[in-house]
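Asks: this one's structure only:
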């Protein structure tokens with residue numbers, strides 16, 4: 001009886017998986033940073049925040065599940081992550097700052113009045129953005145393409 005071994009995970013896929021994990025962690029950090037000042041507001045704000053956190057937990061859980069399927073070589077998971085995070089996720093990360101600048105705000109004024117919460121949020125968002133873009137690029141490297149076509 002011969003045993004069949006699963007192909008090892010190629011380095012680009014493993015790196016993409018780790019970068020996606022970093023992006024997920026950065027998203028959690030950003031969510032927590034948004035949470036701390038909002039908890040001091042009225043009860044209606046806290047209830048709204050709780051709903052937002054539940055949505056984030058569900059989304060992050062789904063992303064984590066798809067990430068594990070991606071790492072095991074499922075092409076549908078790669079496509080889901082590339083479209084979901086690479087297109088819609090990136091758009092959601094850059095839309096707020098772009099809208100803020102279109103409204104006529106001065107980026108230098110934001111830097112000069114930077115609070116700790118805002119610095120944590122900006123750092124987490126930038127980390128999230130760079131990690132997702134790098135992960136998506138790695139997902140389609142030649143070694144990764146071969147890995148996903150073998151399945």
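Replies: That came in fine, so what should we check first? Model, not experiment: these values are computed from the prediction. Numbers count the residues shown, from 1 in each chain.
Asks: what is the burial count for residue 133?
Replies: Neighbouring residues of residue 133 were enumerated by other CB atoms under 10 Å; the total is 17. In this view, the C-beta of every residue, glycine as well, is placed from N, C-alpha and C.
Asks: that one contacts residue 87, correct?
Replies: No. If you go by CB atoms under 8 Å, residue 133 and residue 87 don't touch, sitting 11.2 Å apart.
Asks: residue 14 contacts residue 71, correct?
Replies: Yes. Using CB under 8 Å, residue 14 is in contact with residue 71, at 7.4 Å.
Asks: more neighbours: these two, which one.
Replies: Set side by side, residue 14 and residue 71 show more neighbours around residue 71, with 19 against 14, by other CB under 10 Å.
Asks: ok, and the closest non-adjacent residue to that one?
Replies: Distance criterion CB to CB, 6 or more residues apart in numbering; nearest residue to residue 71, sequence neighbours excluded, is residue 17 at 4.6 Å.
Asks: may I ask you to confirm that that neighbour is in contact with residue 69?
Replies: No. Residue 17 is not in contact with residue 69 according to CB under 8 Å; the separation is 10.7 Å.
Asks: who has more neighbours out of the two?
Replies: Using other CB under 10 Å as the criterion, residue 17 and residue 69 rank with residue 17 on top: 20 against 15.
Asks: what is the least confident helix or strand in the chain?
Replies: helix 107-112 (a mean of 77; mean pLDDT, DSSP states H and E).
Asks: gap between residue 59 and residue 52?
Replies: Separation of residue 59 from residue 52 (CB to CB, to the nearest Å) stands at 10 Å.
Asks: before we move on, what about residue 121?
Replies: From residue 121 to residue 52 the distance is 14 Å (CB to CB).
Asks: now do residue 31
Replies: 8 Å.
Asks: those two: which is more packed in?
Replies: Legend: neighbour count by other CB under 10 Å for residue 31 and residue 52, higher for residue 31 (17 against 14).
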